[in-house]
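Chemist: quick one: sequence and predicted model below, then my questions.
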Amino acid sequence: MMEQVSGGELFKFLQNTMTTELDIANIMKYLLNGLAYLHKCGIIHRDLKPENILIEVHPDTNQGPEVSRVASIKITDFGLSKLATPTEITFDCCGTPAYVAPEVL
């Protein structure tokens, strides 16, 4: 069974929703915590972009600007991910060109 994520992709969420500074701060907190966990497990995502981040919003989205609507995020699309050791250097050039870091190109 797959979980339904109410807010959709981060890309569309940012286009269609008036976000507050608190919303963005929560998105970044959840994203960085998720990436830290993946890296601790030895997983490199290699295709992180707004379309691969799903937003879970609180059921009651009319809570006011002082309460974040973002309940959590889900990092998706691990098709290009790789298991790597902390000392391993990867030379693969992969990812979505518009989001790849310049040093990868």
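Modeler: Noted; the coordinates are in hand. Keep in mind it's a predicted model, so treat the numbers as computed, not measured. Residues are numbered from 1 along each chain as shown.
Chemist: how about residue 56, secondary structure?
Modeler: strand (DSSP: H, G, I helix; E, B strand; the rest coil).
Chemist: and residue 92, by the same measure?
Modeler: coil.
Chemist: residues contacting it?
Modeler: 46, 82 (Cβ atoms under 8 Å, 6 or more residues apart in numbering). Bear in mind the C-beta positions are built from the backbone N, C-alpha and C, glycine included.
Chemist: what about it, distance to residue 16?
Modeler: Applying Cβ to Cβ, to the nearest Å, the value for residue 92 to residue 16 is 34 Å.
Chemist: repeat for residue 88
Modeler: For residue 88, the distance to residue 16 - Cβ to Cβ - is 39 Å.
Chemist: same question for residue 29.
Modeler: Counting by Cβ to Cβ, the gap from residue 29 to residue 16 is 22 Å.
Chemist: of these two, which one has the most company?
Modeler: residue 29 (13 against 10; other Cβ atoms under 10 Å).
Chemist: can you pull out the helices in the protein?
Modeler: 10-16, 21-40 (DSSP state H).
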